[in-house]
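Undergrad: only the shape, not the letters, is given here:
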């Protein structure tokens, strides 16, 4: 029997990276105020690492989770796989030219948010409510300049809209 309610545990789990970053920063500040020399520089490094962890955790925690959708998402060795009973899709991350999120505005009881992974071969439309959907956010780390604020805005959107999360730079030839 757990002493923490399941809802509270899920909430703490969602914010775990922010909590860990804050703890590291607090320990770094405490250590930095009490020491000097080489240990002081170590404390500065702890504060920096904790701050970066807190920021990354904040971005992840602000994305509203969805669950109960069809399919399973796996991320492995540069490919994102969406598996369903009807087939699914395999996306090679180096081939991706654009990442978008489409919201339908139908509400939280149905699939209302879809990730669109665009490659030269076509577009894979993956529901954000599929099991393992947090792996799509993890996959964004491979795309420099990915706009996490668009993911956060899309996760809270209640109207039909298209959010561009990342787009490959186009080479202009004169």
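TA: Looks like it arrived, so ask away. This structure is a prediction, so every number in the text was calculated from the model and none was measured.

Undergrad: what stretches of this structure score poorly on pLDDT?
TA: 1, 64-68, 107-110, 170-174 (pLDDT under 70).

Undergrad: what's the biggest helix by length in it packed up against?
TA: Scanning the chain for the longest helix, with DSSP state H as the assignment, gives helix 38-61. Packing contacts for helix 38-61, counted by 3 or more C-beta pairs under 8 Å, 6 or more residues apart in numbering; DSSP states H and E, involve helix 16-34. Heads up, the C-betas are built off the backbone N, CA and C, glycines and all.

Undergrad: what's the helix it packs on packed up against?
TA: Checking 3+ C-beta pairs under 8 Å, 6+ apart, helix 16-34 ends up next to helix 38-61.

Undergrad: got a list of contacts for the very next helix or strand once past the helix it packs on?
TA: The helix or strand immediately downstream of helix 38-61 is strand 72-76, counting by DSSP states H and E. By C-beta atoms under 8 Å, 6 or more residues apart in numbering, the surrounding residues in contact with strand 72-76 are 80-84, 126, 130-133, 135-136, 138-139.

Undergrad: so which of those is the closest to residue 43?
TA: residue 138 (29.9 Å; C-beta to C-beta).

Undergrad: name the element that closest one belongs to?
TA: helix 134-139.

Undergrad: how about the following helix or strand past that helix: buried residues?
TA: For helix 134-139, the succeeding helix or strand toward the C-terminus, using DSSP H and E, is helix 148-155. In terms of neighbour count (16 or more other C-beta atoms under 10 Å), helix 148-155 has its buried residues at 148, 150-155.

Undergrad: quick one, helix 148-155 and helix 38-61 angle?
TA: Put simply, helix 148-155 runs at 30 degrees to helix 38-61, going by axes from the mean of the first three to the mean of the last three C-alpha atoms, to 10 degrees.

Undergrad: distance from the chain centre to helix 148-155, please.
TA: 9 Å (C-alpha atoms, centre = their mean, to the nearest Å).

Undergrad: that helix packs against which elements?
TA: Against helix 148-155 (3+ C-beta pairs under 8 Å, 6+ apart) you get strand 98-103, strand 161-167.
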